[in-house]
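> Here is a sequence with its predicted model. Questions after.
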Amino acid sequence: MRNILLLILVLTVTNIHAQITLNSSDFPSANDIYLMSDATAFPGMDETLTGANYTWDYSLLSTTTTGQHTDTLFPVTNMNIIYQAVFGDFGFLPNRSNQATHGIDFSLGAITITNVYNFFYNNSADYHQSGFGAEINGVPLPTAYSPHDILYKFPIQYGNVDSSLSGYSVSLPSLIYYEINRNRHNEVDGWGTLTTPNGTFNALRVKTVIQEHDSVYIDSLGFGYGFNVPARTEYKWLGQGGGLSLLEITTLGGNVTSIIYKGENTSGIAAIPQDNFDFILFPNPATEKVITSYTLRKTEDIGFSITDLEGKVLISVNKPSQSPGEHMLVIDLPSHLAAGNYFVKMTSGGRSISKPVSVTR
C-alpha cells in the first residue's frame, strides 16, 4: 500500500510539472474576451532566464500593475462588408480569417487612420495574421499580408525553432506609398511552471525576435526612403487553453517596453464594443452615390441625412425598425447637388454622428 501511494504521488507531481504541447485549440476563438493587466518591471526582474523544467516567478507584478484592459476577438461577420469580402472565412479566399481585433487609430499629417481592425486565422497548421483593415480619411481599405505573418506554427513544443517572412504595402495615390517587410524568428526556449498575480500554470516560453524594413514614398514631396526598424524581442508564456499569452514581455534594445499578463477569460460573451454607434462612408469623394455601412446591436430606428456646411438638411433617408446585424444603405445624390463639401449624419435615439464627404461633378 505504501509503495502504491508513493507511485501515485510521483505520478501526480510529474503530471503537475509535465512538459506540454500546444495546438490550435489552445488559441483564441471568435467571441472570446480576455481581461489583461498592464505592468512595469519589478526590481531584479530578468525576462531572459529560461530553460527546461524551469520555474518562472512573476508574482511581484502585483506590485507594479498599472491598470487593466480587455482584448476582444470579433467574428469577421461583424465587420464591414468590404472587409468580409477580403477576409471572410470562405475556403476560396486566400486571406480567409476567423477572428479580428480592434487596432489603434492614429494620424499621419493630413492622413487620418481610424476604425482599425487586425484579422487573424486560427487553423490546424498555424495561427497567423492575414491582414488588417482601416478607414483612410474615411474610406475603408482592406490590406492583406503577403506572405501572411505567422505568429505560431503548430504543434508548439519545447525546442521548436522556426522563421517566417511577411509584409504588406499600402498605396494612396497622390499621397503616400508605404511598405513593410518583416522577419519573425520563434524559438520555444523553455517549459515549466509560471506564476503571475493570477495563479500558477504549466507553460511553454516562446522567444520571438522581429526584424523589419520599412519603405515610404511621399508623392507630394516627390521622394522616398527606406529604413530598418530597431529589432524587438517578445517573450511569451503560453498555456493549454490559455487563448492569449499568460504573460508577454516586450523589449527593445534590451529595455522592457511593455508587460501584459492574463486575468480571467470571459469566453463566450458577445464580442461587441460598448460604443458601437458608428458607420463607414464610401466612396469619398463621391459623384452619384454615397454608400454607408453600419452594424446594429439591437433593433433601432435609423436616419441618414446629408447637410451643407451650415447644417441645412439637403437629403434625408429614414430606416425604421432596422434589425440587429450588418446593414448597407445607398444614398443617391441628385444631379442638382453642386460639387463641394458636405456632411453625412447618422441619427438614432437622440444620438448622432457626422462624417465629411466631398462631392465631385
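Looks like it arrived, so ask away.
> What is the neighbour count of Ser245?
By the criterion of other C-beta atoms under 10 Å, Ser245 has 20 neighbours. Where C-beta positions appear, they are placed from N, C-alpha and C, glycine not excepted.
> hmm, I was thinking of Pro75
Counted with other C-beta under 10 Å, residues neighbouring Pro75 total 17.
> Three-state assignment for the closest residue to it other than its chain neighbours, please.
Once flanking residues are discounted, Pro75 sits nearest to Ala30: 4.1 Å by C-beta to C-beta, 6 or more residues apart in numbering. Using DSSP: H, G, I helix; E, B strand; the rest coil, the structure places Ala30 in coil.
> and Ala30, how far is that from Asp89?
9 Å (C-beta to C-beta, to the nearest Å).
> what touches both of these two?
76, 98 (C-beta atoms under 8 Å, 6 or more residues apart in numbering).
> The two: who's more crowded?
A count of neighbours by other C-beta under 10 Å puts Ala30 above the other of Ala30 and Asp89, at 19 against 15.
> Tell me how the chain divides into domains.
For the chain, the structural domains run 17-265, 280-359, going by automatic domain parsing.
> Which of these has the lowest mean pLDDT?
When the domains of the chain are ranked by mean pLDDT, domain 280-359 comes last with a mean of 85.
> just to revisit the earlier point, just say which of the domains of the chain is most tucked in.
Scoring the domains of the chain by mean neighbour count under mean count of other C-beta atoms under 10 Å gives domain 17-265 as the most buried, with a mean of 17.
> chain center to that one, what's the gap?
Centroid separation for domain 17-265 versus its chain: 8 Å, with C-alpha atoms, centre = their mean, to the nearest Å.
> what does stretch 308-325 give?
For stretch 308-325, the distance to the chain centre is 31 Å (C-alpha atoms, centre = their mean).
> same deal with stretch 298-308?
29 Å.
> Could you name the helices and strands sitting against the helix or strand containing Val330?
Assigned by DSSP states H and E, Val330 belongs to strand 325-332. Helices and strands touching strand 325-332, by 3 or more C-beta pairs under 8 Å, 6 or more residues apart in numbering; DSSP states H and E, are helix 81-87, strand 289-296, strand 300-307, strand 313-322.
> following it, which helix or strand shows up next?
Next along from strand 325-332, by DSSP H and E: strand 340-348.
> what's the next helix or strand after that next one packed up against?
Counting by DSSP H and E, the next helix or strand C-terminal to strand 340-348 is strand 351-359. For strand 351-359, the packing partners by 3+ C-beta pairs under 8 Å, 6+ apart come out as strand 340-348.
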